[in-house]
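give me the fold of what follows.
(2 chains)
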Amino acid sequence: MNAMQRRQVVVIGGGPAGLAAAVAAFEAGEKDVLILDREHQLGGILNQCIHTGFGLHTFKEELTGPEYADRYIDKVRDLGIETWLDTMVIDISKDRIVTMISPKNGLIQIEAGAIVLAMGCRERARGALNIPGFRPAGVFSAGTAQRFVNMEGYLPGKEVVILGSGDIGLIMARRMTLEGAKVKMVVELLPYSGGLKRNIVQCLDDFDIPLKLSHTVTRIHGKYRVEGVTVQAVDASRAPIPGTEEYVPCDTLLLSVGLIPENELSRKAGVAISPKTSGPIVNESFETSIPGIFACGNVLHVHDLVDWVSQEAAEAGKNAARFVSAKTQETTAAVSIQTGFGIRYTVPVSVRPANIAKSVLVRYRVADVYRNHCVVVKFDDAVVLRQKKRILTPGEMEQILLLKTWFDQNPAAKTITVALESEESQ
Amino acid sequence: MFDVIIIGGGVIGAHVARNLSRYDLKVGVLERATDVCEFTSKANSGIVHSGLDAVPGSLKAKYNLRGNAMMASTCEQLDVPFRRNGSMILCFGPEEEAGLKELYDQGLANGVEGLRILSGDEARALEPNLTNQVHKAILAPTGGIVDPFKLTLMAAEVAAKNGVRFLFRTEVQRVVRKEDHYLLETRGGTFQTKTVVNAAGVYADVFHNQVSATPLSITPRKGEYCLFDKEVGDLVDRTLFQLPTAFGKGVVVTPTVEGNLLIGPTAYDIENKEDTSTTVEGLKYVVEKAKKSVQKVPMHAVITAFAGLRATEKHKDFVLGEVADAPGFFDAAGIESPGLTAAPAIGEDLAKWVAAKLNAKVKATYAWTNKAIPDFEKAPVDQKAKWIDADKDYGQIVCRCELVTLAQIKEAIRRPLGATTIDGVKRRTRAGSGRCQGGFCSPRILEILSKELHKDPREIAKFGEQSTYLVGLDKELLG
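Numbers count the residues shown, from 1 in each chain, chains lettered A, B, ... in the order given. Next up, the predicted model:
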């Protein structure tokens, strides 16, 4: 076995989060940065996202996934940041020992000064939904189908029903159509889509693909290959309504029913995981419950746009660099951020005022569709912000900026609350 | 002319084949699927029963007890994961106590060792997640859990190494009895054999009735299960049964030998011998029933559901041995629970009887043990390092949920009776059986199968030939 190595900042995952974190750590002055990725190439899931729409906020242009990734990969190369590809991390310990394997280097253990978790997320599988019926070929998660079509050049089905209107499902409705399949419908359990508005327009409406809201798939037919699915309307409690069954012949069912941050390694290290996001609980520095282990991107919480991933990861990377040079004030007291009415979660969930320069960005998602509501931020009982929003949907990530001055004005505050209020209630 | 043809490559067929392969005989196994372990043997609870609930004096009782006693050594010989975790039979109120005592006495009559009746609190001390409803329990320390796929596969491999011919995609259409031999008609031609072992699962009655005037009647009894992530695999340590009552048999909550949690099965008769679909009602039933045994059924961690069909013969017992009015035709029929437990014992006896019929001699040398594909995930760090140093394919993870390497997948394909399908790789290596259910690794496994078998990716199937993944090239349908 190889001898234990010692590195300053170890970034796990070379997708958009890992790349941005590594660049930021390097630019913050820490030159000993190492990116680990299990694939043959950097870029992560962006490599199979060949559609455009990436980078509008960061680069003010519409890039494809691989183009967006390339901007960061070029930077990593220019800065000379070391990357180990085909390298799979199999364990992280709480004292930051990272165990990894690769065909080239065998099994290696590294004692890291700081770790940035950037492993991304995976798709929820059929089992999580418990759709009854047979277990034939032809049931794919949307991302698996995307890989077959975009990376391998094969079509996994001719007649397709898509369950779930998450962004990957919407993107795949268009892609499968462009590649010659017939997408019969997109079926969504909720009364609204979980995807971005622009994807509904560009991927469904433009191709006349019907979106059936408040419907679900209640049975998969076909013993060997999918032969059809039963689609059924659901009531307000999401239970199928008897008598509304419709048999839809198809050879493929694509599932776009949610993403789960991939935190198996984080759990091994003992990082505390939020039940709301399924990602690590972090403070304003994106530091997890274990000092020196940071998290960013979809492993932290599922994002809607890659731009926000890069932005968040840059903060995490910078803070990891600060940690190894011991500039983070670990001991200062933290103010916790609580969620009130209508807010599903916030990231971060606590802020140490001493670590804020001017402001700290808090991202959040809402729990339902809300029209004409205000986002209200309170420091204990003092309202510091009331922001009007015409529409808020769970599919789009929102953000608020907490200003340093608010902390200065409320030095004794113990909790910050973020909540929605309907405009009528004022 | 074969000396013996075994119809069916399930766990029974595999163990009969392994035992017969010791003899100087020409043995064939005809299997309609593309792999062994494709039907009932792949969709069951993997439980090694203690034998207390079999009717005393029945073949089920006899072979259960013997199979249970043989399981540790069989699994050691074949390198199959097995754990004697012990089982409990739970009752939920004073009104059920008499029934529990009756079952306990029956267990003693069957010769089950180590049985003990526990109070609810004693049971909860052993299994902290039991509900407070649990009133009393029988502890049966000889109960265990086994990997049903490997118990089948590893035995079949030994048989194949000893020269037994496995013919896949070979569905027997009809059995015809001749003067001193049998004809087995299949779409791929007719096979002649001196003797037949009928291990055809839910179809065993069909073949039996073609040669005998004393008919069998097998009704498929469906069992539906929910399988949970390893993350909750330690909810229980023992296999928890519920005392059968007038209101039904109850369901089992058990860890699997690989560390998952499993609940099920339902038990209801169906007509269609092919219907392995799960149902809304069935899945709801097992979850509701399981809540009676354990406090929290962690529904967030369900990774899949499946159904299997038990081959229930109308007399409710195994049918084993030479058919009286069809000399040379041997039944292994009606093999429902505890069939998996009994398989090593049934295999031993049937082979012995067939060999005696044919006056066969044991070969001077033959393979008897097997060595599993290395389990990378469970190996200690220094062992992992050694494996990668020796073969760099061990450094390439293909299935990240179960940490299965390229080396293991290649070996699964290259072994005797190697995997030819995605599900075949899964049963041999666990690649794709984790929490993402192949979402990540199935395209890669498809590619590896395609390369190793020199097949077009579009020909690679999930299991049967009709279950291919890919329908064409991008834009092919656009014309």
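
would you say B:Val158 is within a helix?
Yes - counting by DSSP: H, G, I helix; E, B strand; the rest coil, one finds B:Val158 located in a helix.

look up how far chain A lies from it.
In this view, B:Val158 and chain A are 29 Å apart by CB to the nearest CB, to the nearest Å. Where you see a C-beta, it was placed from the backbone N, CA and C, and this is true even at glycine.

show me what contacts B:Lys36?
I think there's a mix-up here, since residue B:36 is Val and not Lys. Counting by CB atoms under 8 Å, 6 or more residues apart in numbering or on different chains, B:Val36 touches B:Gly9, B:Gly10, B:Gly13, B:Ala14, B:Val29, B:Thr152, B:Leu153, B:Ala156, B:Phe166, B:Leu417.

apologies, that question was intended for A:Val149.
Neighbours of A:Val149 in contact, by CB under 8 Å, 6+ apart: A:Leu155, A:Pro156, A:Met172, A:Arg175, A:Met176, A:Glu179, B:Asp474.

one more: B:Thr131?
B:Lys291, B:Lys292, B:Ser293, B:Val294, B:Gln295.

return the subset of the contacts of B:Val36 lying in strands.
B:Val29, B:Phe166 (DSSP state E).

just among the contacts of B:Val36, which is most surrounded?
Ranked by neighbour count (other CB atoms under 10 Å in any protein chain shown), these have B:Ala14 at the top, with 34 neighbours.

and it, what's its pLDDT?
In this model, B:Ala14 is scored at 98, pLDDT.

and it, what does it touch?
B:Val29, B:Val36, B:Cys37, B:Ser41, B:Thr152, B:Leu153, B:Ala155, B:Ala156, B:Ala159, B:Ala343, B:Gly347 are the contacts of B:Ala14 under CB under 8 Å, 6+ apart.

dump the residue contacts of the residue nearest to B:Val158 when sequence neighbours are not counted.
Nearest non-adjacent residue to B:Val158, counting by CB to CB, 6 or more residues apart in numbering or on different chains: B:Arg18, 4.8 Å away. Counting by CB under 8 Å, 6+ apart, B:Arg18 touches B:Ala155, B:Ala156, B:Val158, B:Ala159, B:Gly347.

wait, B:Glu476 sits on A:Gly180?
Yes - judged on CB atoms under 8 Å, B:Glu476 makes contact with A:Gly180 at a distance of 6.4 Å.

more crowded one of the two?
Between B:Glu476 and A:Gly180, counted using other CB under 10 Å, the more crowded position is A:Gly180 (17 against 14).

which helix or strand contains that one?
Secondary structure assigned from DSSP states H and E places A:Gly180 in neither a helix nor a strand.

stretch A:363-380: how far from the chain's middle?
In terms of CA atoms, centre = their mean, to the nearest Å, the centre of stretch A:363-380 is found 20 Å from the chain centre.

got the domain ranges for the chain?
You didn't pick a chain, so chain A it is. Using automatic domain parsing, the domain parsing of chain A gives A:5-122+A:260-328, A:125-257, A:343-425.

sorry, I should have been clearer: chain B.
If you go by automatic domain parsing, chain B breaks into B:2-41+B:148-218+B:316-357, B:82-145+B:219-310, B:381-472.

those: which one's closest to B:Ala372?
Of all those, domain B:2-41+B:148-218+B:316-357 sits nearest to B:Ala372, with 6.8 Å by CB to CB.

start to end distance for the closest one?
Separation of the first and last residues of domain B:2-41+B:148-218+B:316-357 by CA to CA, to the nearest Å is 14 Å.

next one: stretch B:272-283
Stretch B:272-283: ends 19 Å apart by CA to CA.

can you list contacts of it?
Contacts for stretch B:272-283 (CB under 8 Å, 6+ apart): A:130, A:132-135, A:218-219, A:223, B:43, B:202-203, B:220, B:222, B:224, B:226, B:266, B:305-309.

what residue in chain A is the furthest from its centre?
A:Gly243 (37.2 Å; CA atoms, centre = their mean).

doesn't that one belong to a helix?
No - residue state for A:Gly243 (three-state DSSP) corresponds to coil; a helix is not indicated.

distance-wise, check it relative to A:Asp235.
12 Å (CB to CB, to the nearest Å).

just to revisit the earlier point, narrow the contacts of B:Thr131 to those that are buried.
Buried members of these, counted by 16 or more other CB atoms under 10 Å in any protein chain shown: B:Lys291, B:Lys292, B:Ser293, B:Val294.

the third one contacts B:Arg238, correct?
No - contact status for B:Ser293 versus B:Arg238: not in contact, 10.9 Å apart, counting by CB under 8 Å.
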